[in-house]
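>>> Here is a sequence with its predicted model. Questions after.
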Amino acid sequence: MHLQNPFHGSPFTLDSAGVAGFFGGDETLSAMGTVHLYRGRRWLGWYNSPGSYTVAKRYGQLANSRFWDGLFPGPNSEPAETFGLDGKAGPRYVASLSGTDMATGHLAYLTIQMSKELEGMAVQGKASTETLPASVTVIRVGDVMDMDEVGMMSTHHALLATIPITISIMTCLSCAIFDDWYAFSLILLGIISSGITCFVIGSARLHLRGPKTVTPGVPPGDGLLLTPRDVVVLIGSEKDVNVITKGHFLLSMHGKPEYRSLLLIPQATLFGQMMFLASCAASWVYNSFLSSLESEKIQGDLLCKALQVEDHAIQKYCLHNRRSQAVFACSILSDGNETNEDFDAERMLSLFVPNKTRVWNLWRKKVAAQLKSTCPDKIFHVTAEEKEGLCEEQATLLETFLDDADRAIKAYYEHARYLCSIRNSPIQWEPKDV
């Protein structure tokens, strides 16, 4: 039975510019970046997704060929970088024993971002002065045995795709019922195009790559990830720490992804145009939801799982100022390495406070001497000889700085049992679904 089109004879039509303005290519690209993070997501892309040109332009640049480079000029980036899984610059890393000083990449960037999300524990009493609050996050890296494939998050977010899938199918069938085969074909083309794209791109496997071997006899990889405010202390073997400082995510893909779609909506009837927009609207809402998820946080969770870092192996401490942060962090690194000649306490302190004034030079010298001392009682006393040549203001300033150092090192010893346990005790790893 033939049904009359509800808008039959209507002179009104939706212009292509209005439709194009409705499309959300950025949201679609961001949503597509989650296809490698959620289990089963690659099977749930069968909906009429908007932003076809934006998507085609971005994915066309993946294809390393003259034809695609002519259509979509631009750099041929790696798949992991295209989907936001690589490409971020990380912080500076300085090892406390090996002397390594290097820039890091995406995984170290994720580590810093993850540390910022943690709730810190206040470990220092009232400081003499409180400038810019600082934090020290301690991470004990587990024994990384397998870096083949990175796990995925659970399917609960991905299952929400059934909503735009259902709406796309219903609008497509509605166009068929009212004999608007042009709109029907456009919606169906969008469903098939999006589904195939999601499946092809989602078929790529996410891997964790890093140096698998180290030079025999190399010291532990204990060191610092440094930013102006947040500092992460990495504790673990050189092999395991290298994954964070030198590793990266890799997407292994078969062939090159293609995404093509035509924007010919004004040729359909008004009813068909409205059905097409309804399907795109539902898909846009879902894509916006996926793009609102914290992709970097999800990547950080997957990284912790791959590196066998459990909750008890991560702790964040809040301090009042940079010099207290320096003493606290260096106390962690010096514990057990006091007599190790490769541990340069004064150099590590200068990473936090590089000031070359007489007061700061004397402060670093005295604090470094205590960090290198095996005596459990740390004494920060300024002798009369050391005060020679200092004016009254400089002497007062030095005593203030040393008082902060004394508070910070005492705060460390209050938590020494826990920190020593995560350094010396093996982590019992039990795989779990995240």
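Done, it's in.
>>> ranges for the strands of this structure?
92-95, 101-103, 121-122, 134-140, 205-209, 223-226, 230-235, 248-252, 314-319 (DSSP state E).
>>> ok, of these, where does mean pLDDT dip lowest?
Sorting the strands of the chain by mean pLDDT places strand 121-122 lowest, at a mean of 78.
>>> so what strands line up beside that one?
strand 314-319 (parallel) (DSSP bridges).
>>> could you check the angle strand 134-140 makes with the partner strand?
Relative orientation of strand 314-319 versus strand 134-140 (axes from the mean of the first three to the mean of the last three C-alpha atoms, to 10 degrees): 160 degrees.
>>> Okay, now the unreliable bits of the stretch 101-250 of the chain?
124-131, 145-158 (pLDDT under 70).
>>> Let's see that with 90 instead.
For the stretch 101-250 of the chain, the stretches flagged by pLDDT under 90 are 114-135, 139-221, 228-230, 236-240, 243, 247-250.
>>> Tell me where it has helices.
106-117, 162-177, 181-202, 238-246 (DSSP state H, counting those that start in this stretch).
>>> any idea how far the nearest residue to residue 184 once chain neighbours are set aside lies from residue 191?
Nearest-residue entry for residue 184: residue 175, 3.9 Å, with adjacent residues in sequence omitted and distances by C-beta to C-beta, 6 or more residues apart in numbering. Backbone N, C-alpha and C define where each C-beta goes, glycine included. Separation of residue 175 from residue 191 (C-beta to C-beta, to the nearest Å) stands at 12 Å.
>>> Neighbour count: these two, which is higher?
residue 175 (28 against 23; other C-beta atoms under 10 Å).
>>> I figured that one was touching residue 183, is that so?
Yes - with contact taken as C-beta atoms under 8 Å, residue 175 and residue 183 are classed as touching, separated by 4.3 Å.
>>> Deepest in the core, which of the helices of the stretch 101-250 of the chain is it.
Of all the helices of the stretch 101-250 of the chain, helix 238-246 has the most neighbours on average by mean count of other C-beta atoms under 10 Å, namely a mean of 23.
>>> elements contacting that helix?
Judged by 3 or more C-beta pairs under 8 Å, 6 or more residues apart in numbering; DSSP states H and E, the packing partners of helix 238-246 are helix 106-117, strand 223-226, strand 230-235.
>>> quick revisit: distance to residue 362 added to the helices of the stretch 101-250 of the chain, as TSV?
Putting the helices of the stretch 101-250 of the chain into TSV (distance: least, C-beta to C-beta, whole Å) gives the following:
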stretch	distance to residue 362
helix 106-117	32
helix 162-177	66
helix 181-202	59
helix 238-246	33
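>>> ok, and the closest non-adjacent residue to residue 404?
Leaving aside its chain neighbours, residue 404 sits nearest to residue 324 (5.1 Å; criterion: C-beta to C-beta, 6+ apart).
>>> follow-up on the earlier one: how about the helices of the stretch 101-250 of the chain, which one is nearest residue 231?
Nearest to residue 231 among the helices of the stretch 101-250 of the chain is helix 106-117; the distance by C-beta to C-beta comes to 8.6 Å.
>>> And that closest one, what does it pack against?
Taking 3+ C-beta pairs under 8 Å, 6+ apart as the contact cut, helix 106-117 packs with strand 134-140, strand 223-226, strand 230-235, helix 238-246, strand 248-252, helix 295-306.
>>> hmm, 7 Å instead?
Counting contacts by 3 or more C-beta pairs under 7 Å, 6 or more residues apart in numbering; DSSP states H and E, helix 106-117 packs against strand 223-226, strand 230-235, helix 238-246, strand 248-252, helix 295-306.
>>> out of these, nearest to residue 375?
Nearest to residue 375, of all the helices and strands packed on helix 106-117, is strand 230-235, at 22.9 Å by C-beta to C-beta.
>>> Render the CA-only coordinates of the closest one in PDB, please.
The C-alpha trace of strand 230-235 is given here as PDB (Å, rounded to 0.1, in the frame of the first residue of the first chain):
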ATOM      1  CA  ASP A 230      54.200  18.500  39.500                       C
ATOM      2  CA  VAL A 231      57.000  16.000  39.800                       C
ATOM      3  CA  VAL A 232      56.700  12.200  39.300                       C
ATOM      4  CA  VAL A 233      59.300   9.900  40.900                       C
ATOM      5  CA  LEU A 234      59.600   6.700  38.900                       C
ATOM      6  CA  ILE A 235      61.000   3.700  40.800                       C
END
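>>> Quickly run through the sheet partners of it, with directions.
strand 134-140 (parallel), strand 223-226 (antiparallel).
>>> So what touches the shortest one?
Surrounding strand 223-226, the residues in contact under the criterion C-beta atoms under 7 Å, 6 or more residues apart in numbering are 91-96, 100, 108, 111-112, 231-234, 241, 329, 351.
>>> Quick check on those residues: which are buried?
Neighbour-count burial (16 or more other C-beta atoms under 10 Å) applied to the contacts of strand 223-226 gives 91, 93-96, 100, 108, 111-112, 231-234, 241, 329, 351.
>>> Among the residues you listed, which one lies nearest to residue 80?
residue 108 (15.4 Å).
>>> Now do the same contact list for that closest one.
Counted by C-beta under 7 Å, 6+ apart, residue 108 has contacts 90-91, 93, 225, 244-245.
>>> now the helices and strands packed on helix 238-246 as JSON lines including distance to residue 372?
As requested, those are exported to JSON lines (distance: least, C-beta to C-beta, whole Å):
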{"stretch": "helix 106-117", "distance to residue 372": "27"}
{"stretch": "strand 223-226", "distance to residue 372": "18"}
{"stretch": "strand 230-235", "distance to residue 372": "18"}
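>>> So which of those is nearest residue 306?
helix 106-117 (9.7 Å).
>>> could I have the closest one exported to PDB, CA atoms only?
The C-alpha coordinates for helix 106-117 follow below in PDB (Å, rounded to 0.1, in the frame of the first residue of the first chain):
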ATOM      1  CA  HIS A 106      53.400  10.500  24.800                       C
ATOM      2  CA  LEU A 107      53.500   7.900  27.600                       C
ATOM      3  CA  ALA A 108      55.400  10.200  30.000                       C
ATOM      4  CA  TYR A 109      52.900  12.900  29.100                       C
ATOM      5  CA  LEU A 110      50.100  10.500  30.100                       C
ATOM      6  CA  THR A 111      51.900   9.700  33.400                       C
ATOM      7  CA  ILE A 112      52.100  13.400  34.300                       C
ATOM      8  CA  GLN A 113      48.400  13.900  33.400                       C
ATOM      9  CA  MET A 114      47.400  10.900  35.500                       C
ATOM     10  CA  SER A 115      49.400  12.300  38.500                       C
ATOM     11  CA  LYS A 116      47.500  15.500  38.300                       C
ATOM     12  CA  GLU A 117      44.200  13.700  38.600                       C
END
